[in-house]
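S.K.: structure for the following, please:
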Amino acid sequence: MLKIFLITIVVVFIIAFYVAIKIYKKFECPKCGHKQNKSKEISIEKYNYLDHGKKTITGKLDKRYNNTFSTNKIIHYQVECEACGHSYEYTYDKMEEMIDNDPIIKKLNKEIGDINDAAIPSIRKMKKQDPTFFKKLQKIGMIPKDFK
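M.R.: From the prediction side, this is the model:
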């Protein structure tokens, strides 16, 4: 009796997991916001990079280290929105997703944002007091062109 109960629970979880994956909408139309699964793969690019280890001056792998490689996969999709008919491209980058979901990088981005927000009053003050220096900083790209 207990075996049947456990098997039933496992089957229910498997079905629920499958339904959750099917319901998940991957592509969101930038024009109307409609979410859908249907797409067409245009191309897949794979990049191998040295995950751990070291290269010599000549560029060969140093055999004193345990050299390991990882692969980054970038998939380009062509999507046509079912709701409005708008056609657009969508790119999935595995490495970018890993970086975006890293909690340490999220924390650092928040701290950098706080530092940037703290500098806004002094930049506005500089804009009023020394407009030529402000324009030079904008010209070299240290201050955005649309800064107000």
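
S.K.: in this protein, where's the longest helix?
M.R.: helix 103-129 (DSSP state H).

S.K.: packing partners of that one?
M.R.: In terms of contacts (3 or more C-beta pairs under 8 Å, 6 or more residues apart in numbering; DSSP states H and E), helix 103-129 is packed against helix 131-140. Every C-beta, even on glycine, is put in place using the N, C-alpha and C of the backbone.

S.K.: other SSEs contacting the helix it packs on?
M.R.: helix 103-129.

S.K.: list the buried residues for the helix it packs on?
M.R.: For helix 103-129, the neighbour count (16 or more other C-beta atoms under 10 Å) marks K127 as buried.

S.K.: pLDDT of that helix, averaged?
M.R.: Taken as a whole, helix 103-129 carries a mean pLDDT of 86.

S.K.: what's the angle from it to helix 131-140?
M.R.: 140 degrees (axes from the mean of the first three to the mean of the last three C-alpha atoms, to 10 degrees).

S.K.: chain center to helix 103-129, what's the gap?
M.R.: 22 Å (C-alpha atoms, centre = their mean, to the nearest Å).

S.K.: spatially, and excluding backbone neighbours, which residue is closest to F133.
M.R.: Nearest residue to F133 in three dimensions, chain neighbours excluded: M126, at 6.7 Å (C-beta to C-beta, 6 or more residues apart in numbering).
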